[in-house]
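[1] all I have is the shape, not the residue letters:
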């Protein structure tokens, strides 16, 4: 079974534009409850992930919650689809895909996730913590490297 | 392990004064008073422990057992003094049976490599239980893989109690070692160690007890328990990290070759061969965590001063209050409802991931653990990937439990 990723054009035309847009959206929020509420809502709006693809093969190792991620496309354009059983991590996935999905392999490799600091939750959601952000990012970049051959 | 403090002890217990003696408990997290409910992970440290470590480095620091100068003598006497305190704390018959380790994990690995590995034959078995921490599973699997032995587990009930007759039924002649936790780190279940030890003894099978979660809360008497090995960790016992203890019967220790080699553990060394010191030093190669054990000695003094009976009684009252409070939370599923249990509460709330709950509770100042708690087989038994866990200590309060329940209600709205 192959993935059916969301092949619509990304909301922003470049990874950097997506990062800027995310930073701008999160700048509106006052306290942490609003930030988390928005993040959790973004996670709920993720494209449905086929149950059949929730296999060991697609599981991202290194996350304390369960995360599944599939890639499709080639070096010109890589699309990702992912989901987690955690509502917060699903929100993080939504942001990650907005930045990295539908981009060229080179753009993916060239993009550092500056938006994480910008959303004001960096203390909690930095890639060094157990939410698996680092592992997901590594997986995405590994797909990009593999696509470039 | 019934520890009953008199009414007077509990009435005289001044929690505000106790809390003032733990500096970290007065700090805030995200602008909220810290509610520290992760005591089964590591406990907080009283000022006596912090001061003992600080004072050691300021006034006494030297290496142990090597120097004849004043500092060396003082450091050795402080370090070995901690061994005496621990020997009394667990009622070991002699101080030479108390081996210092970096924690329970190193204690388990010492037994795995020094006791089990030389004895195991293909087809032999090591018996544990479904509720064990990985530290009481993985070391056995490593030595089993090298010898053709296997690790088997005795089952538990849905309420989280060991099925004793199933454990005993598995004590066949192939079993060369049994390992059981005294108190489950996930379920809080207090296992009937005396009964298990008696059954093991009758069959000539040594029993190792993982006392990591028991030592901070119950009076430990290794002789009364009747076990052969007892492991505990200092950092859950209000002491410094990187300290632990392996107690073992002296006749077992005498037969065990050292696991680590190096300085301080030898009698004579030549290139033709080396003879080893007696236990405990045979198992303590290299410079140990001297300041850590001095701190652990201070922690034991502290616990003795409060009294494990009082600690047990206070925690029992907190546990009853917590249990009722959790039952009032709609959709909450509790894991571990043993009749005899410590103040450890693993739970899940319908539709809420344990990590999300713990992440959001942190913003309310509440520290709980979420995850598999290093007990994958237990999570598999219950068919869940993770749970949230609130674990209490005698310095926690009913007000904190109320704040915790209120915080659950608040963060739940975010996740609804």
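    Yep, it's here. Owing to the predicted nature of the structure, the values given are computational and were not obtained by experimental measurement.
[2] got a list of what the residue of chain A found nearest chain B touches?
    Nearest residue of chain A to chain B: residue A:86, at 4.2 Å (Cβ to the nearest Cβ). Every residue, glycine included, has its C-beta placed from N, CA and C. Counting by Cβ atoms under 8 Å, 6 or more residues apart in numbering or on different chains, residue A:86 makes contact with A:65-66, A:131, B:353, B:355-356.
[3] just give the closest residue to it, not the sequence neighbours.
    residue A:65 (3.7 Å; Cβ to Cβ, 6 or more residues apart in numbering or on different chains).
[4] need the outlier residue of the chain, farthest from its centre.
    By default, I'm working from chain A. Ranking residues of chain A by C-alpha distance from their mean position (Cα atoms, centre = their mean) puts residue A:30 at the top, at 23.7 Å.
[5] switch to chain B, that's the one I care about
    residue B:272 (40.9 Å).
[6] kindly indicate which of the contacts of residue A:86 lies nearest residue B:312.
    Nearest to residue B:312 among the contacts of residue A:86 is residue B:355, at 31.7 Å by Cβ to Cβ.
[7] now do the phi/psi pair for the residue farthest from the centre of chain A.
    Backbone torsions for residue A:30, taken as degrees, to the nearest 10, come to phi -90, psi -80.
[8] tell me where the stretch 1-150 of chain B is predicted with low confidence.
    B:1-8 (pLDDT under 70).
[9] nearest to chain A: which residue in it?
    residue B:30 (7.5 Å).
[10] the bottom helix or strand of chain A by mean pLDDT?
    helix A:122-125 (a mean of 62; mean pLDDT, DSSP states H and E).
[11] quick one: distance of the next helix or strand after that one to the chain centre.
    Next along the chain after helix A:122-125, taking DSSP states H and E as the criterion, comes helix A:133-148. Relative to its chain's centre, helix A:133-148 lies at 11 Å (Cα atoms, centre = their mean, to the nearest Å).
[12] ok, now how distant is residue B:288 from residue B:242?
    9 Å (Cβ to Cβ, to the nearest Å).
[13] so is residue A:79 in a helix, a strand, or just coil?
    Using DSSP: H, G, I helix; E, B strand; the rest coil, the structure places residue A:79 in strand.
[14] quick one: neighbours of it, just the number.
    Residue A:79 has 20 neighbours, counted by other Cβ atoms under 10 Å in any protein chain shown.
[15] thought it was touching residue A:72?
    Yes - Residue A:79 is within contact range of residue A:72, at 5.2 Å (criterion: Cβ atoms under 8 Å).
[16] tell me the pLDDT of residue B:246.
    Note on residue B:246: pLDDT of 98.
[17] what pairs with the helix or strand it falls within, and is each one parallel or antiparallel?
    Using DSSP H and E, the element containing residue B:246 is strand B:244-248. Using DSSP bridges, strand B:244-248 pairs in its sheet with strand B:98-101 (antiparallel), strand B:229-233 (antiparallel).
[18] list the contacts of the helix or strand following the first one.
    Past strand B:98-101, further along toward the C-terminus, the next helix or strand under DSSP H and E is helix B:104-110. Residues lying outside helix B:104-110 but in contact with it, judged by Cβ under 8 Å, 6+ apart, are B:99, B:101, B:135-136, B:139, B:179, B:208, B:210-212, B:229, B:231-233, B:244-246, B:259, B:283.
[19] now find how far off-centre helix B:104-110 is within its chain.
    12 Å.
[20] just checking, next helix/strand downstream of it?
    helix B:117-119.
[21] what comes up buried for the first helix or strand past that next one going along the chain?
    Using DSSP H and E, the helix or strand that follows helix B:117-119 towards the C-terminus is strand B:125-129. Neighbour-count burial for strand B:125-129, counted by 16 or more other Cβ atoms under 10 Å in any protein chain shown, picks out B:125-129.
[22] near chain A too, which of the residues you listed?
    Applying Cβ under 8 Å from any Cβ of the partner chain, the subset of those adjacent to chain A is empty.
[23] closest to residue B:67 among those residues?
    So of those, ranked by how close each gets to residue B:67 (Cβ to Cβ), first place is residue B:126, at 41.6 Å.
[24] tell me if I'm right that residue B:263 and residue B:286 touch.
    Yes - taking Cβ under 8 Å as the definition, residue B:263 is a contact partner of residue B:286 at 5.9 Å.
[25] the stretch 201-350 of chain B: strands as residue ranges?
    B:207-210, B:229-233, B:244-248, B:266-270, B:273-276, B:332-335, B:344-349 (DSSP state E, counting those that start in this stretch).
[26] tabulate those (CSV), appending mean neighbour count and distance to residue B:400.
    Formatted as CSV, those follow (neighbours: other Cβ atoms under 10 Å in any protein chain shown; distance: least, Cβ to Cβ, whole Å):
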stretch, mean neighbour count, distance to residue B:400
strand B:207-210, 26, 28
strand B:229-233, 28, 24
strand B:244-248, 28, 28
strand B:266-270, 11, 50
strand B:273-276, 12, 49
strand B:332-335, 18, 18
strand B:344-349, 24, 13
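[27] out of those, nearest to residue A:90?
    Nearest to residue A:90, of these and by Cβ to Cβ, is strand B:344-349 at 17.2 Å.
[28] where along chain A do the helices fall?
    For chain A, applying DSSP state H gives helices covering A:15-27, A:32-44, A:87-100, A:105-110, A:115-118, A:122-125, A:133-148.
[29] ok, of those, where does mean pLDDT dip lowest?
    helix A:122-125 (a mean of 62).
[30] residue numbers of chain A in contact with chain B?
    So far as Cβ under 8 Å from any Cβ goes, chain A lies against chain B at A:32-33, A:36-37, A:40, A:64-66, A:85-89, A:124, A:130-131.
[31] in the stretch 251-400 of chain B, which residue sits nearest chain A?
    For the stretch 251-400 of chain B, Cβ to the nearest Cβ, closest residue to chain A: residue B:353, 4.2 Å.
[32] what is the burial count for residue 97?
    You didn't pick a chain, so chain A it is. 24.
[33] oops, chain B please
    Counted by other Cβ under 10 Å, the residues lying close to residue B:97 total 22.
[34] swap in residue B:181?
    Neighbours of residue B:181 (other Cβ under 10 Å): 30.
[35] now do the contacts for it.
    Residue B:181 neighbours (Cβ under 8 Å, 6+ apart): B:129, B:131-133, B:136, B:191, B:209-210, B:212-213.
[36] so in terms of bridging, what pairs with the closest residue to residue B:174 other than its chain neighbours?
    The shortest distance from residue B:174 to any residue other than its chain neighbours is 4.6 Å, reached at residue B:125 (Cβ to Cβ, 6+ apart). Residue B:125 has these beta-bridge partners by DSSP bridges: residue B:150, residue B:175.
[37] show me what contacts residue B:125?
    Contacts here follow Cβ under 8 Å, 6+ apart; on that basis residue B:125 touches B:149-152, B:170, B:172, B:174-176.
[38] measure the most centrally placed residue in chain A to residue B:39 for me?
    The residue lying closest to the centre of chain A (Cα atoms, centre = their mean) is residue A:96, at 2.3 Å. Per Cβ to Cβ, residue A:96 is found 35 Å from residue B:39.
[39] counting neighbours, what do you get for residue 60?
    No chain specified, so I'll use chain A. 21.
[40] um, chain B though
    21.
[41] surely it meets residue B:75?
    Yes - under the criterion of Cβ under 8 Å, residue B:60 makes contact with residue B:75 at 5.3 Å.
[42] could you tell me which residues of the stretch 51-200 of chain B lie near chain A?
    Residues of the stretch 51-200 of chain B lying near chain A (Cβ under 8 Å from any Cβ): none found.
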